[in-house]
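K.L.:
Make a model of this:
(one chain, ligands or ions: 2)
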Amino acid sequence: MNRSDAVDGPASYAVAPEATVSDATVSDATGTDLLRLRRAIDLALRSPLPDPNPRVGAVLVAPDGTVVGEGWHHGAGTPHAEIEALRAAGPAAHGATAYVSLEPCNHTGRTGPCAVALAEAGVARVVFAQPDPNPTAAGGGDTLRAAGIAVSGGLLATEAEAVNRVWTRAVRLGRPYVTWKVAATLDGRTAAADATSQWITSPAARADVHRLRATCDAILVGTGTALADDPRLTVRDAEGRPTGRQPLRVVLGDRPLPETARLRSPEAETLFVPDHQPGRALAQLHRAGIRHAWLEGGATLAAAFLRDRLVDEVVVYLAPTLLGAGRPMVGDLGIGTLADAVHLDLVDVTRVGPDLRLTLAPAGREE
Ligand code: AOF
Ligand code: ZN
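P.N.:
Numbers count the residues shown, from 1 in each chain. Ligands and ions are numbered 1, 2, ... in the order given. Okay, here's the model as predicted:
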């Protein structure tokens, strides 16, 4: 597996697992278990992104070591990875060991509980990686144990969690993971004094933005920026044509947009959220299945999210240019003295054409 593909966003770090697993369960595992589980994690990478549901893979192995079934989740509303693998295995699932990248679910949601399906298929043992952080679905490991099935949980949990870095944090917080993206000059300007703002960064940096936008469920913009810049906020190719599935465009604020606004174009869906309170707006988006929100503008909206500690990641494209005057990168944060500065940890620095892409995370953030 290409490690850089393992994470579901630009950052190359993994979030530490919250649930701890006793040494007893992990020490039951063998080297073969690790190989099989790695295969399940590789299969999880085939699951679609973005999606309201996690990316999950499963492998069923007969007692003689033959792989009898594999599966991965194809997106919200479709069968879970375990069910895909059970269907592929048929009767051969009896007596097999199931390797799953996420703890089998315990609930009836869009589909039935996988823990019960595995037990009914006669699986002898279950090895899973990441414990399920979703309170509604967790507890599958205990259900399987109660059914007399041997269970090992938590192996390769950090690796499995990296595949669902954004989903995991969103589920724990009950709100979308927020990436604030900004493109600025070296002196932190996003527009010149006359308000011209196209194009501060290079075509290479803009292509990179479109690649990352495509991994998000929604793109957020304030009405101020929507009125000033008339953005399209779509995912486009180098020729400017919209490509494939488009993230939901979310316009936050109560200033009306003209009928001719590009955000009203049919090339992508747009949701208007007049609520001024970012926390409530995010809760509404979470209920709508949005797990990754990409915050694009502008300075006032970004400041509101930062003040409310609702930014999980910052992606800054820095152009090697100076303006000396013009629109600032971020609005008033209510900070009067250096001691109150917002600190960010630098997670990644990548050169993109003539520009730099910095990926940062709020310092000292609790997971
Ligand atoms: C998945 N795919 O392969 C597994 C999941 O909305 P539902 O009913 O499909 O349930 C989603 C929850 O089920 C999800 O949040 C996670 O906790 C659990 N396991 N989900 O979408 C899978 N194994
Ligand atoms: Zn399930």
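K.L.:
Give me the pLDDT for whichever residue of the stretch 151-300 of the chain sits closest to ligand 1.
P.N.:
For the stretch 151-300 of the chain and ligand 1, the shortest gap (CB to the nearest ligand atom) falls at residue 171, measuring 6.6 Å. For the C-beta atoms, the positions are set from N, CA and C on the backbone; glycine is no exception. At residue 171, the pLDDT value in this model is 97.
K.L.:
surely it meets residue 133?
P.N.:
Yes. Judged on CB atoms under 8 Å, residue 171 makes contact with residue 133 at a distance of 5.1 Å.
K.L.:
End to end on stretch 284-302, go ahead and measure it.
P.N.:
For stretch 284-302, the first-to-last residue distance is 18 Å (CA to CA, to the nearest Å).
K.L.:
where along the stretch 251-367 of the chain do the strands fall?
P.N.:
Assigned by DSSP state E, counting those that start in this stretch, the stretch 251-367 of the chain shows strands spanning 270-273, 292-297, 313-319, 327-328, 344-352, 355-362.
K.L.:
Which elements pack onto the fourth one?
P.N.:
Meaning strand 327-328. When contacts are defined as 3 or more CB pairs under 8 Å, 6 or more residues apart in numbering; DSSP states H and E, strand 327-328 packs onto strand 189-191.
K.L.:
Relative to the strand it packs on, what are the paired strands and their orientations?
P.N.:
Partner strands for strand 189-191, per DSSP bridges, with pairing direction: strand 327-328 (antiparallel).
K.L.:
Can you name the residues of the stretch 101-250 of the chain sitting close to ligand 1?
P.N.:
The stretch 101-250 of the chain has residues 102, 105, 109, 110, 111, 114, 132, 134, 137 near ligand 1, with proximity defined as CB under 6 Å from any ligand atom.
K.L.:
Tell me the predicted confidence for the first one.
P.N.:
Read that as residue 102. At residue 102, pLDDT is 98.
K.L.:
what sits opposite it in the beta ladder?
P.N.:
Under the criterion used (DSSP bridges), residue 102 bridges to residue 130.
K.L.:
if I pick it, what's in contact with it?
P.N.:
Contact analysis of residue 102 by CB atoms under 8 Å, 6 or more residues apart in numbering lists 44, 54, 56, 81, 128, 129, 130, 132, 160, 164.
K.L.:
dump the residue contacts of the residue of the stretch 151-300 of the chain closest to ligand 1.
P.N.:
The contact partners of residue 171, by CB under 8 Å, 6+ apart, come to 133, 134, 291.
K.L.:
Quick check: closest non-adjacent residue to the last one.
P.N.:
Spelled out, it's residue 291. Once flanking residues are discounted, residue 291 sits nearest to residue 170: 4.3 Å by CB to CB, 6 or more residues apart in numbering.
K.L.:
Settle this for me: residue 216 is touching residue 50, isn't it.
P.N.:
Yes. Between residue 216 and residue 50 there is a contact at 5.8 Å, judged by CB under 8 Å.
K.L.:
ok, these two, which is more surrounded?
P.N.:
residue 216 (28 against 21; other CB atoms under 10 Å).
K.L.:
okay, that one: pLDDT?
P.N.:
Reading off the model, residue 216 has pLDDT 97.
K.L.:
do residue 322 as well
P.N.:
Looking at residue 322, its pLDDT reads 98.
K.L.:
what about the closest residue to residue 284 other than its chain neighbours, neighbour count?
P.N.:
Nearest residue to residue 284 in three dimensions, chain neighbours excluded: residue 273, at 6.5 Å (CB to CB, 6+ apart). If you count neighbours by other CB under 10 Å, residue 273 ends up with 17.
K.L.:
Might one say that residue 273 is in contact with residue 288?
P.N.:
No. Residue 273 is beyond contact range of residue 288, at 10.2 Å (criterion: CB under 8 Å).
K.L.:
Run the chain-centre distance for the longest helix anywhere in the chain.
P.N.:
Ranked by residue count under DSSP state H, the longest helix found in the chain is helix 31-44. Centroid separation between helix 31-44 and its chain, computed with CA atoms, centre = their mean, to the nearest Å, is 22 Å.
K.L.:
could you say what helices and strands it packs with?
P.N.:
With contacts taken as 3+ CB pairs under 8 Å, 6+ apart, helix 31-44 sits against strand 57-61, strand 67-72, helix 81-89, strand 97-102, strand 125-130, helix 157-163.
K.L.:
Buried deepest among these, which one?
P.N.:
strand 97-102 (a mean of 30; mean count of other CB atoms under 10 Å).
K.L.:
now the next helix or strand after it: mean pLDDT?
P.N.:
Remark: after strand 97-102, the chain's next helix or strand is helix 114-120, criterion DSSP states H and E. Helix 114-120 comes out with an average pLDDT of 97.
K.L.:
can you list contacts of helix 114-120?
P.N.:
80, 82-83, 86, 98, 100, 104-106, 126, 139-141, 143-144, 147, 149.
K.L.:
Repeat that for stretch 241-248.
P.N.:
With CB under 8 Å, 6+ apart, stretch 241-248 has contacts from 50, 210, 213-214, 216-219, 233-237, 267-271, 288, 290, 294.
K.L.:
per the record, what domains does the protein have?
P.N.:
Domain ranges of the chain: 10-171, 175-362, per automatic domain parsing.
K.L.:
mean pLDDT for the ones you listed: which is lowest?
P.N.:
Of all the domains of the chain, mean pLDDT reaches its minimum on domain 10-171 (a mean of 90).
K.L.:
so does that one get close to ligand 2?
P.N.:
Yes. In terms of CB under 5 Å from the ion, part of domain 10-171 sits within range of ligand 2, namely 80, 105, 114.
K.L.:
hmm, back to that, what about the residue nearest to residue 291, which SS state?
P.N.:
With DSSP: H, G, I helix; E, B strand; the rest coil as the basis, residue 170 sits in helix.
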